[in-house]
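S.K.: Fold the following, please.
(2 chains)
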Amino acid sequence: MDELVGLLPELWTSTYETLYIVSLSLIFGGAAGLVLGLGLYTTRSGSLLANKPVFGALNVLVNIFRPIPFIIFLAAAQPLARAVTGSGIGNNAIIFTLSLAAAFGISRIVEQNLLTVQPGVIEAARSVGAGRLRIILTIVIPEALGPLILGYTFIVVALVDMSAVAGYVGGGGLGNFAIQYGYRQFNPIVTWAAVVVIIIMVQAVQFLGNWLARRTLRR
Amino acid sequence: MTDSGIISLRNVSKVYPAARSGRAVAAVDNLNLDIATGEIFGIIGYSGAGKSTVARLINALEPASSGEIVVDGRQVTGVSERQLRKLRLDVGMIFQQFNLFNSKTVRNNVAFPLRVAGTNRADAERRVEEMLRFVGLGDKAGAFPEQLSGGQKQRVGIARALASSPRILLADEATSALDPETTYEVLELLQRVNAELGVTIVTITHEMDVIKALATKVAVMEQGCIVEQGDVFDVFSRPRQASSQRFVSTVIRDIPSDKDLELLRRRHPGRLVTVSFREGEASQNEVFVQLANAGINFELIYGGINDIRGRTFGHLTLALEGPAESIDPVLARIAQYSDVKEVTTRG
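M.R.: Numbers count the residues shown, from 1 in each chain, chains lettered A, B, ... in the order given. Take a look at the predicted model:
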């Protein structure tokens, strides 16, 4: 227990680092995933910008990258991270790689949730002469907003999970804290402390997500 | 008539490309249709007959595969998507499932076409208020669609479809998801839309009641073709084509089917005849008097009388008892002014 008290400053720093990595990855990966998801949704056959070759290419791209275990992806994408962020290691490198990996997963969640919008609603918008961009921005996204928020909540939790391996490429965060100070030093209490912080973090995110989605759905 | 109508379809086909291993399907097959300004035109038929496709060809939600479509003086076939969007602002549409925007208030649902049209804010607000009052939902502007009943949703649908002051309204099974009472209210509202706003209405339905209550002209569709069209009373009281007769007999059940006849014959050993009545031609009274005067015992065993906007027609099946020498001359006399069909034996 004393060791944990002594490590409290490191615990708070790690918590901050996890929040930093997760929130920036959510912003970058979330935006990229939204664009990619919109691409999948709109180019699918029968949709607003139906385009078989583009849909096929996006579909294959997502299917190739999405199933790669993150820890392997992290190693494989290191040269790319170095080229973009200037360094292959550290928190910024992991934010880049995490955003990239998450974008593929997010794109599927976005696609699936947009598909729940009734085709009739889109037809109604078309029937009054609305253009495609207007339909996507003012009809499709607002109509799917509730489930989209829940989808993004799910993603935040997944990002917390994925960010735990940051230590492998010199990043920080709670995963690194638990391994370095808990596991490697045979100090389970330190590991459990990291677990507790992560549980609290995830609960808070889920609560917030549920609340926002409920507000959106109840309107 | 020199006026070719507000909607005109010439040799229009809509072919869907072959699905995997299947053959190409013609949803609409070389169709010709003229709808006059101010009419309420019904298109009726079984599901899958191509009715909804016709509606979507008129506002170009679906491009025609071939043929020529002119709506409100504008060419619909072979023009750019941009021009079609302008056209769609002048053709309102309502749907079976209402298709309201659930994320928007009633006010913003109705305002949507005006945003598309680029109407300025003050004018749009005024128009939305006006339309909501017209459909009787002036107090629901701030509500969300989920808080409304089915009938109210369709009223919002109508207000939205008419917000941009179109001259044509397409109603695709607009009342098929509503209960009978609400259906009646919505049909009444559509009649007001036609009478007070002068909007030409094309109503697509499989329900005879909708046509009876609303339409002035009707077309019967089957397998992508119009098999018969004309005045509602004429088409339903005396369908000329075999396929429209078949359709009419499924929506107006006043002629016994072969199966019904089988049962009727078992219960009534005498002679069975089906007599057609059509306003202005045969009077029921006369028929009954003739039978009674000849001392023929008769019983009404099947049938019905229909009313289309105050004009009546129908079929009555009678079981007659008496000697052939007294029945035959009476039937011959009745047959002079009415259709009489003897159904005593099969075929």
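S.K.: A:Leu8: how many residues sit nearby?
M.R.: Applying other CB atoms under 10 Å in any protein chain shown, we find 10 residues neighbouring A:Leu8. Every residue, glycine included, has its C-beta placed from N, CA and C.
S.K.: Now do it against A:Phe177, distance only.
M.R.: 11 Å (CB to CB, to the nearest Å).
S.K.: same question, A:Val110
M.R.: Distance from A:Val110 to A:Phe177, by CB to CB: 32 Å.
S.K.: Check chain A for its longest helix and report it.
M.R.: Looking across chain A with DSSP state H, the single longest helix is helix A:2-43.
S.K.: Check which helices and strands that helix sits against.
M.R.: If you count contacts as 3 or more CB pairs under 8 Å, 6 or more residues apart in numbering or on different chains; DSSP states H and E, helix A:2-43 packs onto helix A:52-65, helix A:91-114, helix A:145-163, helix A:174-177, helix A:188-218.
S.K.: next one: that helix to chain centre, how far?
M.R.: Distance, stretch centre to chain centre, for helix A:2-43: 8 Å (CA atoms, centre = their mean, to the nearest Å).
S.K.: quick one: contacts for B:Phe233?
M.R.: B:279, B:308-309, B:311, B:313 (CB atoms under 8 Å, 6 or more residues apart in numbering or on different chains).
S.K.: ok but B:Leu316 is inside a strand, no?
M.R.: Yes: assessed by DSSP: H, G, I helix; E, B strand; the rest coil, B:Leu316 belongs to a strand.
S.K.: In contact with it: list those residues for me.
M.R.: Here B:Leu316 is in contact with B:254, B:274-275, B:277, B:284, B:300, B:302-305 (CB under 8 Å, 6+ apart).
S.K.: host element of B:Ala195?
M.R.: Element membership of B:Ala195, judged by DSSP states H and E, is helix B:180-197.
S.K.: Just name whatever secondary elements that helix is in contact with.
M.R.: Using 3+ CB pairs under 8 Å, 6+ apart: helix B:180-197 touches strand B:40-45, helix B:150-162, strand B:168-172, strand B:200-205, helix B:208-214.
S.K.: What residues sit buried inside it?
M.R.: For helix B:180-197, the neighbour count (16 or more other CB atoms under 10 Å in any protein chain shown) marks B:182-183, B:185-187, B:189-190, B:193-194 as buried.
S.K.: Just want the angle from that helix to helix B:150-162.
M.R.: 20 degrees (axes from the mean of the first three to the mean of the last three CA atoms, to 10 degrees).
S.K.: Give me the residues contacting helix B:180-197.
M.R.: Contacts for helix B:180-197 (CB under 8 Å, 6+ apart): B:38, B:40, B:134-136, B:149-151, B:154-155, B:158, B:162, B:169, B:171, B:174-175, B:178, B:199-201, B:203, B:209-210, B:213-214.
S.K.: where are the low-confidence patches of the chain?
M.R.: Since no chain was named, I'll use chain A. Residue ranges of chain A with pLDDT under 70: A:219.
S.K.: I was after chain B.
M.R.: B:1-4, B:19-21, B:281-282, B:346-347.
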